[in-house]
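>>> attaching a predicted model along with its sequence, questions to come.
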Amino acid sequence: MTEHIPLSRAEETRRRLLEAALTTFAEKGFHATTTRDIASASGMSPAALYIHHKSKEELLFIIARDGHHHVLKLIRAAIASADDPVEALRAVVHDFAAHHARGHTGARVVNYELAALAPDHLAEIRAIRHDIDDEMRHVVAWGMYTGRFDVRDARIAAAALLSLGVDLARWYRDGGRWTPEEIGDEYAAIALRIVGART
């Protein structure tokens with residue numbers, strides 16, 4: 001059994017500020033959000049934000065970096081769960097889509113506010129996105145190589161499959177017609193049709 005280690009006061013403050021930033025960025029957009037908005041949403045003074053973070057841009061970067069690392073880990077775990085390209089792609093797309101539905105607020109910020117990042121921060125996020133693209137492309141290429149997928153270009157197919165999940169953040173809302181699991185199941189089935197999977 002894993003023992004829960006309580007956060008220090010500083011760690012708890014940083015967590016509250018990140019959650020407040022995520023909420024306000026999602027509601028107003030990055031540029032329309034002020035540091036005062038973030039501080040107010042966290043129940044702190046504006047001065048508290050600058051004690052723990054250099055700027056609201058740094059908050060956006062941390063949110064984006066952590067979100068992209070989580071997705072990369074999720075995709076790699078899904079791929080590792082199968083020894084067949086069809087099942088690997090099914091698992092990847094299911095988990096990727098369900099994640100974007102469950103965390104649609106964070107995913108919306110992570111995917112649609114990146115232009116506000118400083119150049120060095122944007123470069124770091126793009127490097128993680130490149131790794132995510134590569135993982136999806138490798139699954140598609142695996143299926144092509146083994147004759148299980150009928151698709152002409154692994155890179156284009158991978159981009160299309162990732163776009164399915166990313167776009168969920170734009171329209172998915174809690175309490176709607178479909179649960180994240182239902183979305184994951186249906187998107188996985190659609191993904192297999194996109195690559196012409198031979199099951």
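Received the coordinates, thanks. Numbers count the residues shown, from 1 in each chain.

>>> after the longest helix along the chain, which helix or strand is next?
For the chain, the helix reaching the highest residue count under DSSP state H is reported as helix 119-145. Counting by DSSP states H and E, the element after helix 119-145 in chain order, helix or strand, is helix 154-171.

>>> elements contacting the very next helix or strand once past that next one?
Using DSSP H and E, the helix or strand that directly follows helix 154-171 along the chain is helix 180-194. The elements that helix 180-194 packs onto, with contact taken as 3 or more C-beta pairs under 8 Å, 6 or more residues apart in numbering; DSSP states H and E, are helix 85-102, helix 154-171. All C-beta atoms are positioned from the backbone trio N, CA, C, and that covers glycine.

>>> again, 6 Å this time
Contact partners of helix 180-194 among helices and strands, from 3 or more C-beta pairs under 6 Å, 6 or more residues apart in numbering; DSSP states H and E: helix 85-102.

>>> quick one: residues in contact with the helix it packs on.
Here helix 85-102 makes contact (C-beta atoms under 6 Å, 6 or more residues apart in numbering) with 74-75, 78-79, 81-82, 107, 139, 142-143, 146, 148, 165, 168-169, 172, 180-181, 183-184, 187-188, 191, 197, 199.

>>> tabulate the CA atom coordinates of it in PDB.
Provided in PDB are the C-alpha atoms of helix 85-102 (Å, rounded to 0.1, in the frame of the first residue of the first chain):
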ATOM      1  CA  PRO A  85      -0.700  -3.600 -33.800                       C
ATOM      2  CA  VAL A  86      -4.500  -3.800 -34.000                       C
ATOM      3  CA  GLU A  87      -4.900  -4.100 -30.300                       C
ATOM      4  CA  ALA A  88      -2.200  -1.600 -29.600                       C
ATOM      5  CA  LEU A  89      -3.900   1.000 -31.800                       C
ATOM      6  CA  ARG A  90      -7.300   0.200 -30.200                       C
ATOM      7  CA  ALA A  91      -5.800   0.800 -26.800                       C
ATOM      8  CA  VAL A  92      -3.900   4.000 -27.700                       C
ATOM      9  CA  VAL A  93      -6.900   5.700 -29.400                       C
ATOM     10  CA  HIS A  94      -9.300   4.600 -26.600                       C
ATOM     11  CA  ASP A  95      -7.100   5.900 -23.800                       C
ATOM     12  CA  PHE A  96      -6.100   9.100 -25.700                       C
ATOM     13  CA  ALA A  97      -9.700   9.900 -26.500                       C
ATOM     14  CA  ALA A  98     -11.100   9.100 -23.100                       C
ATOM     15  CA  HIS A  99      -8.400  11.100 -21.500                       C
ATOM     16  CA  HIS A 100      -9.200  14.200 -23.600                       C
ATOM     17  CA  ALA A 101     -12.900  13.800 -22.800                       C
ATOM     18  CA  ARG A 102     -12.300  13.400 -19.000                       C
END
